[in-house]
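Chemist: 3D model of this:
(one chain, ligands or ions: 1)
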Amino acid sequence: MEKLMNMNVNSKSMVSANEAKVEKEMNIDNVISMYKNGEWIISANDARLDIYNPWNKEKLATLIEPTFTEMKQLIKNSVETFHTNKLSLNERSEILAMTATLLKERRKEIAVIIVEDCGKTIKDAEAEVNRAIDTFQSSSEEVKRMYGYTESLMPSAGSDSSLGITIREPVGVVCAITPFNFPLNLAAHKIAPALAAGNTVIFKPSEQTTRTGELLVNLLAEAGLPKGFLNMVVGTGKNVGDILLEDERINFYSFTGSAKVGLHIKNKSGFRRVALELGSNAPNVVHFDADIKLAAETLVKAAFACAGQVCISAQRIYVHSDIAQTFIESFVALTKKLQVGDPQLPTTDVGPLINRSQAERMEEWVKEAVSDGAEIIYGGKRTGSLYDPTILINADSLSKVMCEEIFGPIVNIQVYNDLNQLIEMVNNSKYGLQAGVFTSNIHTAISLAKRFKVGGVNINNASISRADSMPYGGIKQSGIGKEGPRFAMEEMTELKVITLNTKGI
Ligand code: NAD
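Modeler: So this is what the prediction gives:
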């Protein structure tokens, strides 16, 4: 930890150019503004935003958002770096592999910073670091697999002896905007493939988890990434977001966050390309022939990991009527064993929500569900920003806990009798990210997987499981485009066609 913190403070050099000013003493408070062309710079802006640990409310950092002019200079640097400085495939691959190695070496210390930033438990934070290692490793390998293809063209293409070739070219400057809930791995899912594909990156982490963003930038620099390839700005979406979105020099927006902000980004980006990874109210099915023990154990974790603040948390569980009672008893018994509280303790399973107002929203939504006929069979209590794991049955399909994204530790259990009824209930959602199906019948599994309107289906596993190297992304209001290093690299490159008239050759 000490090593990482020192690295952050020491690497913050101040520039005297134009608006930026020298304020060395401020680093005691861990002031963060921007990283441009290989240097941490503190903005000349007066407005400050203090960031606090969601659990113990200790101050973590002070953010000073770059001014409009500083933002423009930073974007210019990313554009110029893209045009003047190229990394070979080997260099890109080695830098990404070295970042994976550094993450591995400092796994424990990095997990502690994630816990402090977003309040997830140390168990969940360590799992996130492990996933980020895989994401960097996989991106390092994919650098060398950016294939095109060749084809002999039909005479209608102009010649009966023409050859078609496709190549992939980087889009240019990629802007990576990330949420608070997976501050390391979701940043990795944007930055690593963007660099692998030969782009430069402007990174805007969630304001709440800026320190984790700072840490990742420092690790990449330590791994050998030259200056200008990765720049970072801090701040709220409202202030710095629109400056990023309105600048036509940025070619691609890779965003993970809420559907509301995703739509805003899509509306602002015009003809420029976007990849949007948004929210959901993920459905999970436990059929009568399922392994009930496996389903209950897996779904309890899927409902309450990261205090339910996961886009693919199990929010709706549909259980066949034949096994409903057994499943529910088992699910409740396992939920009762969860330890709720201090996220830094290795024994804690469920930590706080990101802030108190989110925990208060849980109370309101449960209250509304109950007034619409739902029954709380476990939980339903708030203490500050902690909300107990909560199980509801019989919620109305129109209540918020069913049709909106809860993003908290509340799960709905619903009973079904036949598969057509089930499919209708599952697909009755504006979202479509991932689903889980528990059944011992492969035909049922594949049939449901094909009929669910979602981006991915996990069989005998919960919706929450994401294979980091596979294509990942939703349909409907859950998003546009796919992540997973190889697929993000496809999104972040232009496919160019070259034809060659070989007549006479
Ligand atoms: P959010 O949408 O509030 O913020 C996400 C990011 O967008 C932050 O960096 C924020 O500062 C920025 N932002 C906000 N307004 C902006 C604007 N006008 N212009 C540009 N940037 C702006 O989301 P959050 O609360 O940080 O995260 C929770 C949401 O993220 C949930 O809806 C969750 O489902 C979603 N999420 C989706 C996935 C996925 O892979 N599909 C993964 C994790 C989280």
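Chemist: buried ones in the helix or strand encompassing Glu80?
Modeler: When elements are defined using DSSP states H and E, Glu80 is found to belong to helix 68-84. Of the residues in helix 68-84, those buried under the neighbour-count criterion (16 or more other C-beta atoms under 10 Å) are Glu70, Met71, Gln73, Leu74, Ile75, Asn77, Ser78, Val79, Thr81, Phe82. Glycine gets a C-beta too; all of them are placed from N, C-alpha and C.
Chemist: farthest-separated two in those residues?
Modeler: Glu70 and Phe82 (19.2 Å; C-beta to C-beta).
Chemist: Spatially central, which residue of this structure would that be?
Modeler: With the centre of the chain defined as its mean C-alpha position, the nearest residue by C-alpha atoms, centre = their mean is Leu186, 3.7 Å away.
Chemist: I'd say that residue and Thr178 touch.
Modeler: Yes. Leu186 lies in contact with Thr178 (C-beta atoms under 8 Å); the separation is 4.9 Å.
Chemist: Need the overlap of contacts for these two.
Modeler: Residues touching both Leu186 and Thr178 (C-beta atoms under 8 Å, 6 or more residues apart in numbering): Thr256.
Chemist: Am I right that Asn267 is in a strand?
Modeler: No. Looking at Asn267 with DSSP: H, G, I helix; E, B strand; the rest coil, it is helix, so not inside a strand.
Chemist: just to revisit the earlier point, any chance of the buried residues of helix 68-84 in CSV with distance to the ligand and pLDDT as columns?
Modeler: Shown next, in CSV, are these (distance: C-beta to the nearest ligand atom, whole Å; pLDDT from 0 to 100):
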residue, distance to the ligand, pLDDT
Glu70, 17, 98
Met71, 12, 98
Gln73, 19, 98
Leu74, 15, 98
Ile75, 14, 98
Asn77, 20, 98
Ser78, 16, 99
Val79, 19, 98
Thr81, 22, 98
Phe82, 21, 98
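Chemist: So which of those residues is the closest to Val411?
Modeler: The shortest separation between Val411 and any of the buried residues of helix 68-84 is 41.4 Å, and it belongs to Met71 (by C-beta to C-beta).
Chemist: Could you verify my assumption that that closest one touches Gly241?
Modeler: No. Met71 lies out of contact with Gly241 (C-beta under 8 Å); the separation is 10.5 Å.
Chemist: What segments of the stretch 101-250 of the chain are strands?
Modeler: All strands of the stretch 101-250 of the chain, identified by DSSP state E, counting those that start in this stretch, fall at 150-152, 162-170, 173-177, 200-204, 230-233.
Chemist: follow-up on the earlier one: could you list the alpha-carbon positions for the helix holding Glu80 in CSV?
Modeler: What follows is the C-alpha trace of helix 68-84 in CSV, where atoms were taken according to Å, rounded to 0.1, in the frame of the first residue of the first chain:
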residue,chain,number,x,y,z
PHE,A,68,-12.5,23.9,-20.3
THR,A,69,-9.1,25.1,-21.7
GLU,A,70,-7.2,22.4,-19.8
MET,A,71,-9.6,19.7,-21.1
LYS,A,72,-9.1,21.0,-24.7
GLN,A,73,-5.3,20.9,-24.3
LEU,A,74,-5.5,17.3,-22.9
ILE,A,75,-7.7,16.2,-25.9
LYS,A,76,-5.2,17.8,-28.3
ASN,A,77,-2.4,15.9,-26.6
SER,A,78,-4.2,12.6,-27.2
VAL,A,79,-4.9,13.4,-30.8
GLU,A,80,-1.3,14.5,-31.4
THR,A,81,0.1,11.4,-29.8
PHE,A,82,-2.2,9.2,-32.0
HIS,A,83,-0.8,10.9,-35.1
THR,A,84,2.8,11.2,-34.2
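Chemist: list the helices and strands that helix packs on?
Modeler: Packing partners of helix 68-84 (3 or more C-beta pairs under 8 Å, 6 or more residues apart in numbering; DSSP states H and E): strand 34-36, strand 173-177, strand 200-204, strand 230-233, helix 242-246.
Chemist: Leaving out chain neighbours, which residue sits closest to Lys86?
Modeler: In space, and not counting its chain neighbours, Lys86 is closest to Gly198: 7.2 Å by C-beta to C-beta, 6 or more residues apart in numbering.
Chemist: burial of that neighbour, as a residue count?
Modeler: Residues within reach of Gly198, counting by other C-beta atoms under 10 Å, total 23.
Chemist: and if you look at Thr390?
Modeler: Residues contacting Thr390 under the criterion other C-beta under 10 Å number 28.
Chemist: How about Ser88?
Modeler: 10.
Chemist: now do Ser152
Modeler: By the other C-beta under 10 Å criterion, the neighbourhood of Ser152 contains 11 residues.
Chemist: what residues does the stretch 301-450 of the chain put near the ligand?
Modeler: For the stretch 301-450 of the chain, the contact set with the ligand under C-beta under 6 Å from any ligand atom comprises Cys311, Glu405, Phe407, Leu433.
Chemist: returning to what we had before: what's the closest of the strands of the stretch 101-250 of the chain to the ligand?
Modeler: Between the ligand and those, the shortest gap by C-beta to the nearest ligand atom is with strand 173-177, which sits at 4.8 Å.
Chemist: For the closest one, what is the distance to the chain centroid?
Modeler: What separates the centre of strand 173-177 from the centre of its chain is 14 Å, taken as C-alpha atoms, centre = their mean, to the nearest Å.
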